[in-house]
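Asks: Provided below are the primary sequence and the corresponding predicted coordinates.
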Amino acid sequence: MAGKLFVIATPLGNLDDISRRALETLRAVDLVACEDTRRTSRLLDHYGIRTPLISCHKFNERERLAAVLERLRDGRDVALVTDSGSPAVSDPGALLVHSAQEEGLELCPIPGPSAVTTLLSVCGFNADRYVFEGFLPHRGGERRRRLRDLNTERRTVVLFETPHRILDALADIAEVLGERPLVLGRELTKLHETILHGTAREIAARLGDEVRGEFTLVLSGATPGRGVGGSDREAERVLEAWREALAKSGDDRRAALRIASRALGLKKAELQRLLMELGESR
């Protein structure tokens, strides 16, 4: 009989947040596949658990796949964990879970801490319906494009961000979404937990140089009637780039579209759509 793959959520920071069921499972399995053996060792040592570990992170997940699947086929139970939160949710693990499912192996999820629901519970926005967008794109143009796509999203939006991109992300949120209310959570459940409410500009100013740690953002949903063009500042930026491009091209709209789309980091079709909404379609 094949073994089971237990997909276990682990604490975001406070080790007391783990469930008794998760601890019992970590003791009982034959192997723990984890994102970082050092991080998971601290959790297991805290509870006196001596189960063997194997690293399984985004850089080696494919090469570890065969070894973990072989253990499962041989009837061994394996636990899959990441450094914090749930595996395969903006974290490694999806490949292993998919491969186990494809082979017909039994999967057993063990729920637990989540940065998404943790911050939603204290955001003060309507969380009856929300959309999880994970990490924003690395590149500024792509990040602003994603934010424009979210400009008319009526549901509350949850994002993750890294410390070295958080200030750029907040600047782009301010530029594209304007004064949209948001909540930022830094180091949730940890010693230096910080939860800030305000606009992107206000929160960036309050953060200052405190950009270490893991960040979760919750954006309030768009209000009815909000245009796709985004904030007034964003609309002005698009129009300014377009008019400059027209001047450079001698009123050649095709050339101007190419120049302005490059300057704004937009696809030409997206720029055309924005120009139509801003009354510049002629």
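Replies: Perfect, thanks for sending it.

Asks: Looks like Ala33 contacts Leu95 (just checking).
Replies: No: between Ala33 and Leu95 there is no contact under Cβ atoms under 8 Å: 11.2 Å. For every residue, glycine as well, the C-beta is placed using N, CA and C.

Asks: Same drill for the two, tell me which one is more crowded.
Replies: Ala33 (27 against 15; other Cβ atoms under 10 Å).

Asks: any idea how far that one is from Glu234?
Replies: Separation of Ala33 from Glu234 (Cβ to Cβ, to the nearest Å): 44 Å.

Asks: what does Leu217 give?
Replies: Leu217 is 18 Å from Glu234, by Cβ to Cβ.

Asks: Specify which residue of these two has the higher count of neighbours.
Replies: Leu217 (25 against 22).

Asks: helix or strand right after the helix or strand that contains that one?
Replies: Using DSSP states H and E, Leu217 maps to strand 215-219. The helix or strand immediately downstream of strand 215-219 is helix 232-248, counting by DSSP H and E.

Asks: what is the orientation angle of whatever helix or strand comes next after that following helix with helix 232-248?
Replies: Next along the chain after helix 232-248, taking DSSP H and E as the criterion, comes helix 253-264. Computed by axes from the mean of the first three to the mean of the last three Cα atoms, to 10 degrees, the angle separating helix 253-264 from helix 232-248 equals 130 degrees.

Asks: Please state the offset of the next helix-or-strand element following helix 253-264 from the chain centre?
Replies: As assigned by DSSP H and E, the chain's next helix or strand after helix 253-264 is helix 268-277. The chain centre lies 27 Å from the centre of helix 268-277; the measure is Cα atoms, centre = their mean, to the nearest Å.

Asks: send the alpha carbons of stretch 85-92 over as PDB?
Replies: The C-alpha coordinates for stretch 85-92 follow below in PDB (Å, rounded to 0.1, in the frame of the first residue of the first chain):
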ATOM      1  CA  GLY A  85       2.000  29.000   6.000                       C
ATOM      2  CA  SER A  86       0.600  26.500   3.500                       C
ATOM      3  CA  PRO A  87       2.800  24.700   0.900                       C
ATOM      4  CA  ALA A  88       1.900  25.400  -2.700                       C
ATOM      5  CA  VAL A  89       0.200  28.800  -1.900                       C
ATOM      6  CA  SER A  90       2.800  31.300  -3.200                       C
ATOM      7  CA  ASP A  91       5.400  28.800  -1.800                       C
ATOM      8  CA  PRO A  92       7.100  25.600  -3.100                       C
END
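
Asks: Identify the residues contacting that stretch?
Replies: For stretch 85-92, the external contacting residues (Cβ atoms under 8 Å, 6 or more residues apart in numbering) are 7-10, 12, 35, 56-58, 61, 80-83, 93-94, 97, 111-116, 134-135, 160.

Asks: With stretch 203-210 instead?
Replies: Residues contacting stretch 203-210 (Cβ under 8 Å, 6+ apart): Ile166, Leu167, Leu170, Ala171, Ala174, Leu182, Leu184, Arg186, Thr194, Leu196, His197, Gly198.
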